[in-house]
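1. any chance you can model this:
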Amino acid sequence: MTSEPATYPGFRFPAEVISHAVWLYHVFGLNLRDVELLLAERGITVPHESIRQWCLKFGADFARKLRRRRPKPGDTWHLDEVFLKINGELHYLWRAVDQHGVALDILVQDRRNATAAKRFFKRLLAELKYKPKRLVTDGLRSYGVAHRDILPEVKHRTSRYLNNRAENSHRPTRRQERQMQRFKSPGQAQRFLSSPRNDLWPLPSAAASDDRR
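-> Here you go, the predicted structure:
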């Protein structure tokens, strides 16, 4: 077994520092200057702009690797969507969780129609690589169209009250949105929200080491 390099190629800080900064940013919903201060307390002087670049480059990859390591999600998918105001324009955050409240995936889109719902269904199937036994959604008709076209063999329940699990999963997003004084672009929102607490816990050292092999 060869020893792992102390740094990522092209980065002067050790991989452990980069991983910890990305983890702090995504798990606790901190802003970049908060992470800068926390690192400074440990004697690590790094500008917040560098932390921003680390999060852009490594955040989604850490989340993706850790998602692969977690146990297989449940077989009931709760889906819901909530609006986001980005640069004065209305967008929608589509989210799926299983019956245990584990986040399955999110997708930021500028529409709330059948085409958007189908795109989200296809993304879920491509990411998770299995089909659920049951879908639970609110009464949005777009879900019914996507269900009939893509997952017709799966049971589909529509109920405002059965879907509280998915609706409640949006609360951390609202908190993060306030902390960041709203998202600046759909891409920024997608990158940040694709690395939720479920995906970046515990410390991402294992994911980082995979990336360096």
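2. can you map out the strands along the protein?
-> 76-86, 89-98, 103-109, 134-137, 155-158 (DSSP state E).
3. compute the inter-axis angle for the second one and strand 103-109.
-> Put simply, strand 89-98 runs at 160 degrees to strand 103-109, going by axes from the mean of the first three to the mean of the last three CA atoms, to 10 degrees.
4. what does the longest one give?
-> Counting by the same axes, to 10 degrees, strand 76-86 lies at 40 degrees to strand 103-109.
5. residue 47 against residue 37, yeah?
-> No: with contact defined as CB atoms under 8 Å, residue 47 does not count as touching residue 37 (11.8 Å). Using the backbone N, CA and C atoms, a C-beta is placed for each residue, glycine as well.
6. walk me through the domains of the chain.
-> 15-70+198-212, 76-186 (automatic domain parsing).
7. just put the strands of the chain in a markdown table and tack on distance to residue 148.
-> Below are the strands of the chain laid out as a markdown table (distance: least, CB to CB, whole Å):
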| stretch | distance to residue 148 |
| --- | --- |
| strand 76-86 | 15 |
| strand 89-98 | 18 |
| strand 103-109 | 20 |
| strand 134-137 | 11 |
| strand 155-158 | 9 |
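8. could those go into a markdown table alongside distance to residue 42, mean pLDDT and mean neighbour count?
-> As requested, those are exported to a markdown table (distance: least, CB to CB, whole Å; pLDDT from 0 to 100; neighbours: other CB atoms under 10 Å):
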| stretch | distance to residue 42 | mean pLDDT | mean neighbour count |
| --- | --- | --- | --- |
| strand 76-86 | 34 | 90 | 20 |
| strand 89-98 | 34 | 92 | 20 |
| strand 103-109 | 29 | 90 | 21 |
| strand 134-137 | 44 | 94 | 21 |
| strand 155-158 | 49 | 94 | 14 |
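9. tell me which of these sits nearest to residue 55.
-> strand 103-109 (16.6 Å; CB to CB).
10. for the closest one, which strands pair with it and how are they oriented?
-> Using DSSP bridges, the strands paired with strand 103-109 are strand 89-98 (antiparallel).
11. just how off-centre is the partner strand within its chain?
-> When distances are taken as CA atoms, centre = their mean, to the nearest Å, strand 89-98 is centred 11 Å away from the chain's centroid.
12. contacts for it?
-> 73-85, 103-112, 116-117, 120, 124, 165-166, 169-170, 173, 186, 189, 193 (CB atoms under 8 Å, 6 or more residues apart in numbering).
13. by mean pLDDT, flag the weakest helix or strand of this protein.
-> helix 205-212 (a mean of 38; mean pLDDT, DSSP states H and E).
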